[in-house]
Structure formats: structure tokens, C-alpha cells
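Q: What would the 3D arrangement of this be:
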Amino acid sequence: MIENAVIAHREIDVAEPSWYAIYTVVRHEKSVNTALTDKEIDTFLPIKKVLSRWKDRKKEIDIPLFPGYVFANSSLENRLKILNTRGVIQILGVNGYPTPVPNEQIESIKRLLEADLHFDPYPFFKEGLIS
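A: Here you go, the predicted model:
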């Protein structure tokens, strides 16, 4: 069992559910999302509809807003269940400890998706501190 951890000057209760960013194999976000949901883990995969063009046709497709990432709302007691999911590479964190994503940020992303505004998926993240 994982004990409570101090991460970025904050204590994390391993039994308390929090949102975590899950890094996935490239283009496996949807299958990881489905697999985690099948394991009864609450997930959030922000999806954006975009118009894709081929030589002979156009089609609206769903793409992840954050390619390579899925969000899971779970306690760290489910850490191995998450990590043992096909397509999961790691739970993002600091110094090897998973770091929760603040609820306000998840809610902001949900509001953005509901607002029907024009925006593009973010192409990549840069390594750095979480504020």
C-alpha cells in the first residue's frame, strides 16, 4: 500500500480521489479511456471535432484535445490498476510521485468544450513546474 506522499509542498491522501493526467501510447487515448472506464475508473478524455480532408472527401472526426493524454479521477490506491492498463505509459507527476490536476482546471476544460468556441488541440506539453 502507498502511504500519504508530500508532493510539491502538498500532502496527497492516497485514498482520496483526485484527477491525474495519464500519459498514453501515441493515438491510444480512446482505447485507454475505454479500458479505464471498463475498470470502473472515472475518466475524462477531452475531444474536439475537426474537419479532416482527403483527396476524395471530407469528414468530421474526433481528436483528443491533448494528444497522448487521458485524465482519470481516482485514488492512488488504484495506481497499479491504471498503470497495468494496455496503452498507459505513466501517471504524470513530480519526482516519481503522481501529481493531481486541480479540479478547477478540469472544470475549465469542460466549460471550454461546452462553449463551442474555436480552438485547436495543443500539440505538446513542455516539462516544468505545476502551479
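
Q: which residue of the protein sits farthest from its center?
A: In the chain, Asp56 marks the outermost C-alpha relative to the chain mean, sitting 34.1 Å out by C-alpha atoms, centre = their mean.

Q: Just give the closest residue to Glu29, not the sequence neighbours.
A: Spatially, and ignoring its direct neighbours in sequence, Glu29 is nearest to Pro64 (4.6 Å; C-beta to C-beta, 6 or more residues apart in numbering). Every residue, glycine included, has its C-beta placed from N, CA and C.

Q: Give me the distance between the one you found and Arg57.
A: Remark: distance between Pro64 and Arg57 (C-beta to C-beta, to the nearest Å) = 22 Å.

Q: Of those two, which one has the most company?
A: Set side by side, Pro64 and Arg57 show more neighbours around Pro64, with 19 against 7, by other C-beta atoms under 10 Å.

Q: from what I can see that one touches Leu45, true?
A: Yes. Between Pro64 and Leu45 a contact is recorded at 6.3 Å, counting by C-beta atoms under 8 Å.

Q: tell me, what's touching the two both at once?
A: Jointly contacting Pro64 and Leu45 under the rule C-beta atoms under 8 Å, 6 or more residues apart in numbering are 29-30, 70.

Q: What residues are bridge-paired with the closest residue to Asp42 other than its chain neighbours?
A: Nearest residue to Asp42 in three dimensions, chain neighbours excluded: Asn73, at 4.0 Å (C-beta to C-beta, 6+ apart). Residues in a beta bridge with Asn73, per DSSP bridges, are Trp19, Asp42.

Q: Where does the prediction get shaky in the chain?
A: 1-10, 121-131 (pLDDT under 70).

Q: Go through this protein and flag its longest helix.
A: Counting residues, the longest helix found in the chain (DSSP state H) is helix 103-114.
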